[in-house]
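In: Model the structure of this input:
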Amino acid sequence: MRPDDGLEVPRYDGIADWYDDVFARYGDLSDPLSSSSQLAELLGRGAGLCLDVGCGGGLHHKAIMSTGRAVIGVDLSRDQLQVARGRTRDLVRASAYRLPFPNASFPTVVSTYLHTDIPDIGPVLAEVNRVLRSGGTFVYVGVHPCFWGHFVENPHLPDRIVHAGYLETGWVESPYWRNPDGLRAKVGARHVTISELVNAFIGAGLKIEKVTELPDGSGHADRIGIVSTRWD
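Out: Just a heads-up that it's a prediction; the model follows:
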């Protein structure tokens, strides 16, 4: 099945153990530049339940729990959830497009690296808004659309070349992703612009409180962080 043939495609089935090994650094709280450390900082201290939408293998669950919250993870991939069981007790297999929770269930929701893996993040954000309590917080961390994409040459290096193509959105292939064993060769890639991503938050009814551009040591802002709230 091609990535754009449907919304519910568990692309990480079959590669969950590989992903957990290759991207273990994401969960390293001792590294201030890891996405886990950055997520924990954006969340701040809190309490109660936190829903992790598209939780994968739970690499960010230690970070969420470090803030004082308890985690419920939801993902479509059975293989990823099997990995996550080593980190988190409360897991649900479900689509991010149809979260199996009542309205206003959670004071906090998070998601990481989701917009590059699904056809349309807008309906997911609408679901996030639905399950958030009034005044609740949603924190998102994902790939920075400007500095990591199909139009970027040498994406893993400080000396990058940014070619034309940023405005070409949708499922993409890149002449600069030369590793046939890399993640995007395995699962594909959905490119969005910053405006598309921000407007998806607005369209879902979420109030954006903060946008931050996050480094990972390359000298570029490789990640974007968005803190938003539900307001009625």
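In: helices or strands next to the longest strand anywhere in the chain in the packing?
Out: Ranked by residue count under DSSP state E, the longest strand found in the chain is strand 132-143. Applying 3 or more C-beta pairs under 8 Å, 6 or more residues apart in numbering; DSSP states H and E, one finds that strand 132-143 makes contact with helix 35-43, strand 106-112, helix 122-131, strand 221-230. Yep, even glycine has a C-beta here, placed from its N, CA and C like the rest.
In: which helices and strands does the second one pack with?
Out: With contacts defined as 3+ C-beta pairs under 8 Å, 6+ apart, the packing partners of strand 106-112 are helix 35-43, strand 49-53, helix 122-131, strand 132-143.
In: Please export the C-alpha coordinates of that strand as PDB.
Out: Provided in PDB are the C-alpha atoms of strand 106-112 (Å, rounded to 0.1, in the frame of the first residue of the first chain):
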ATOM      1  CA  PHE A 106      -6.800  14.600  29.500                       C
ATOM      2  CA  PRO A 107      -5.200  17.700  31.000                       C
ATOM      3  CA  THR A 108      -2.100  17.100  28.800                       C
ATOM      4  CA  VAL A 109      -1.500  15.600  25.400                       C
ATOM      5  CA  VAL A 110       1.800  15.200  23.600                       C
ATOM      6  CA  SER A 111       3.000  14.000  20.200                       C
ATOM      7  CA  THR A 112       6.400  13.700  18.600                       C
END
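In: Sheet partners, orientation included, of it?
Out: Strand pairing for strand 106-112, determined by DSSP bridges: strand 49-53 (parallel), strand 132-143 (parallel).
In: re the thing from before, and the helix or strand following the longest strand of the chain, how far out from the chain middle?
Out: Later in the chain than strand 132-143, the nearest helix or strand by DSSP states H and E is strand 152-153. Taking the mean of its C-alpha atoms, strand 152-153 sits 21 Å from the chain's own mean (C-alpha atoms, centre = their mean, to the nearest Å).
In: got the contact list for stretch 185-192?
Out: With C-beta atoms under 8 Å, 6 or more residues apart in numbering as the test, stretch 185-192 has contacts from 3, 11-12, 15, 115-119, 121, 145, 149-150, 168-174, 177, 179, 200.
In: Apply 7 Å and report the result again.
Out: 3, 11-12, 15, 115-119, 145, 149-150, 168-172, 177, 179 (C-beta atoms under 7 Å, 6 or more residues apart in numbering).
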